[in-house]
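> Predicted coordinates and the sequence they were generated for:
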Amino acid sequence: MSGIVARAELVAAKALLAAIVVLVFAAAVGRTFGHPLVWSVDVAQLLFVWVCFLGANRALRLKIHIGVDLFVRHLPRGTRHWVELGLAALTLAFLAALAVSGYRLTVLNWQRVYGDSGISYAWVTAAVPIGAAMLSITLVGHVVKALRSGGLVFYPDRSLDRSDSQLG
């Protein structure tokens, strides 16, 4: 099931990114010929917010977010496991606060029109609570897997190999 969701998420992100490119290109061509598409940049910005959350969730799913592990990589495996579980709990609390605040913002912006597009600004702000919920679900999946296996939440287990080449 999660493979289907991951593929659908990737297809959606690619489709939205392609739509952004087409919209921005069409706006540039339209301006060149004296017929600007004033709404296209607004829609492209709206889609970009959604692409960012889809990309963030994909990066979390694949455990490829940028991480600073200078301190934790030197911890024993068991200690690092518990540190990552604590960080996951803090991250989930942040995502919950983000989802609640994003939901409130979406409700407040329902009647507001986004630029010249005629679209409700709520479509922009809805990306925040929905994106935070997606990230939370993915993170909970990593936590459950880490609790079952004793593995790590944020880093692939191969990151524990201290023989890997390190920068600096």
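Sure thing, it's come through. Residues are numbered from 1 along each chain as shown.

> who touches the worst-scoring helix or strand of the chain on mean pLDDT?
Across the helices and strands of the chain, mean pLDDT, DSSP states H and E gives its lowest value to strand 113-114, namely a mean of 87. With contact meaning Cβ atoms under 8 Å, 6 or more residues apart in numbering, strand 113-114 is reached by 42, 46, 119, 120, 121, 123, 124. In short, each C-beta sits where N, CA and C put it, glycine included.

> Tell me which residue is most central in the chain.
residue 56 (2.4 Å; Cα atoms, centre = their mean).

> That one touches residue 135, doesn't it?
Yes: Residue 56 lies in contact with residue 135 (Cβ atoms under 8 Å); the separation is 6.4 Å.

> in the protein, which spans are helices?
2-32, 38-62, 77-108, 122-125, 127-149 (DSSP state H).

> Figure out how far the first one is from the centre of its chain.
The gap between where helix 2-32 is centred and where its chain is centred comes out at 16 Å by Cα atoms, centre = their mean, to the nearest Å.

> Let me see the mean pLDDT of it.
Taken as a whole, helix 2-32 has a mean pLDDT of 93.
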